[in-house]
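*Asks:* Sequence and predicted structure below; questions after.
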Amino acid sequence: MDAEQRRQEIVGAVCRIIATDGLERASLREVADEAGLAVGSVRHYFDSSDDLLAYSFAAVSDRILTRLNKALIGLGPAASDPHTSRAVLTLLGEFLPLDDERALDACAWLAFRNAARIRPSLAAEADRSHRAVAAVVGQVITRLLHEDDTTGADAGPQLVTAAEHLLATLDGLAMHALLQPGWMSPEMCRDVLEFHVAGLRRRLGASH
């Protein structure tokens, strides 16, 4: 196993600990035990718990962004295209815990972002990942605006407001699904997301 594979294996152990016991339990020793490694093996790649958590935060962010950017390629040029509507819902679903892989990433990402408020070692990645995700969501919003709206003088402020609204909705929906998985099933998540996007499209169209 090469160094990068080993690091990703360790990141996986971090995420599993966060999902079951919380970020506070993700120490070098706990992570080593979860990964089936000696503590010295983990220290070979990470000098401290702060170093380990910062790397893991970036790795989780990059996994999410990779899925988002892959889905972004599938978006059409305008909301009037039926394919675009389906592709938008597919892309936004990458934020949500719709399967085991996305649930693990969503749980870890939300935990890291919350911890970044009081852990300076995580602050830079929290800012980087938020900006990157916001950029993707901004591109989604431009698809939901009519083509002639995007050239208007007020399109910029409207786009920012709509993007932040959508980001807040996705965060809340992901948290709700993680906290109430028995009620907020993947099917319910998709229904809520579709309802919200349909309403967002109507509001964007009605504002011009």
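*Replies:* Structure's in. What do you need?
*Asks:* rest of the way, CA atoms for contacts and neighbours
*Replies:* OK.
*Asks:* tell me which element C189 is part of?
*Replies:* Per DSSP states H and E, C189 falls inside helix 186-206.
*Asks:* which residues are contacting that helix?
*Replies:* Counting by C-alpha atoms under 8 Å, 6 or more residues apart in numbering, helix 186-206 makes contact with L89, G93, L96, P97, L98, D99, L144, L145, H146, A162, L173, A177, all of which sit outside it.
*Asks:* and if we set it to 7 Å?
*Replies:* Outside helix 186-206, the residues within contact range by C-alpha atoms under 7 Å, 6 or more residues apart in numbering are L89, L98, L144, L145.
*Asks:* show me where the protein has helices.
*Replies:* For the chain, the helices defined by DSSP state H cover 3-21, 28-35, 39-45, 49-72, 82-93, 100-115, 120-144, 155-179, 186-206.
*Asks:* what's the angle between the fifth one and helix 155-179?
*Replies:* For helix 82-93 against helix 155-179, the angle between stretch directions is 50 degrees (axes from the mean of the first three to the mean of the last three C-alpha atoms, to 10 degrees).
*Asks:* starting at the chain centroid, how far to helix 82-93?
*Replies:* 16 Å (C-alpha atoms, centre = their mean, to the nearest Å).
*Asks:* Which two among the contacts of helix 186-206 are spaced furthest apart?
*Replies:* For these, the maximum inter-member distance is 26.8 Å, found between L98 and L145 (C-alpha to C-alpha).
*Asks:* by contact count, what packs against the helix or strand bottoming out on mean pLDDT in the chain?
*Replies:* Lowest mean confidence among the helices and strands of the chain (mean pLDDT, DSSP states H and E): helix 82-93, at a mean of 80. Secondary-structure packing of helix 82-93 (3 or more C-alpha pairs under 7 Å, 6 or more residues apart in numbering; DSSP states H and E): helix 49-72.
*Asks:* What count of nearby residues applies to L173?
*Replies:* Using other C-alpha atoms under 10 Å, the number of residues around L173 comes to 19.
*Asks:* C189: neighbour count?
*Replies:* Neighbours of C189 using other C-alpha under 10 Å come to 21.
*Asks:* hey, C-alpha coordinates of stretch 160-168 in CSV?
*Replies:* Taking Å, rounded to 0.1, in the frame of the first residue of the first chain, the C-alpha atoms of stretch 160-168 are listed here in CSV:
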residue,chain,number,x,y,z
VAL,A,160,-25.8,35.5,-4.1
THR,A,161,-28.9,35.6,-2.0
ALA,A,162,-30.4,32.6,-3.8
ALA,A,163,-27.2,30.6,-3.5
GLU,A,164,-26.9,31.3,0.3
HIS,A,165,-30.6,30.3,0.7
LEU,A,166,-29.9,27.0,-1.1
LEU,A,167,-26.8,26.3,0.8
ALA,A,168,-28.6,26.9,4.1
